[in-house]
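A.B. asks: what shape does this take:
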Amino acid sequence: MRGFIKSLFILFSLIVITAALIKYNQPSIERPIQKNPDLNYADEIGGKLQSTGFTQKIIVALRAAGYYPDSTLGYLIESPNNQVITISLHNLDKLDKSTESEIQNIVNSIAETNDLQLFIVNIRLIDRH
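C.D. replies: Okay, here's the model as predicted:
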């Protein structure tokens, strides 16, 4: 009886070891790592912003229209339908709808000219005092 249990144990151990070897020696199917499409878009748009000089064009156009933006703009790019540009303006006491609309139109015009999606414009007023 003892020999039978020993034989059964050895047989069971061999089955487990064989199954483990078969499982772990199979060629793995490698799946290509796919980056988040939104990250790809953000990288792509970042390159496009630099290559077109978009930031500088916005600053020059705003100054030509009589506004005083900082020398930098902030961008938040999540997707083609959700890209925000933040513009900080000096020497402006209050922000009314016509000012917001004019600045939005300037940004939209430059974006379209440079083959970019439209931006949601966020304007911050900065006190120079």
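A.B. asks: beyond the worst-scoring helix or strand of the chain on mean pLDDT, next helix or strand please.
C.D. replies: Of all helical and strand segments in the chain, the minimum by mean pLDDT, DSSP states H and E falls on helix 2-24, at a mean of 74. On the C-terminal side of helix 2-24, the closest following helix or strand by DSSP states H and E is helix 37-52.
A.B. asks: how close does the nearest residue to H90 once chain neighbours are set aside sit to T55?
C.D. replies: Leaving aside its chain neighbours, H90 sits nearest to Y68 (4.2 Å; criterion: CB to CB, 6 or more residues apart in numbering). Using the backbone N, CA and C atoms, a C-beta is placed for each residue, glycine as well. Distance of Y68 to T55, given as CB to CB, to the nearest Å: 16 Å.
A.B. asks: pLDDT below threshold where in this protein?
C.D. replies: 8, 12, 26-38, 128-129 (pLDDT under 70).
A.B. asks: please redo it, this time with the cut-off set to 90
C.D. replies: 1-44, 46, 70-72, 77-81, 91-95, 126-129 (pLDDT under 90).
A.B. asks: quick check: phi and psi at D93.
C.D. replies: Per-residue torsions, D93: phi -70, psi -40 (degrees, to the nearest 10).
A.B. asks: biggest strand in this protein by residues?
C.D. replies: strand 82-90 (DSSP state E).
A.B. asks: so how far is the helix or strand that it is followed by off the chain centroid?
C.D. replies: Note on strand 82-90: by DSSP H and E, the next helix or strand toward the C-terminus is helix 97-113. On the basis of CA atoms, centre = their mean, to the nearest Å, helix 97-113 is displaced by 23 Å from the centre of the chain it belongs to.
A.B. asks: quick one: contacts of helix 97-113?
C.D. replies: 54, 57-58, 61-62, 65, 67, 85, 87, 92, 117-119, 121, 123 (CB atoms under 8 Å, 6 or more residues apart in numbering).
A.B. asks: same for whatever helix or strand comes next after that helix, what does it pack against?
C.D. replies: Per DSSP H and E, the first helix or strand lying C-terminal to helix 97-113 is strand 120-125. Here strand 120-125 touches strand 82-90, helix 97-113, going by 3 or more CB pairs under 8 Å, 6 or more residues apart in numbering; DSSP states H and E.
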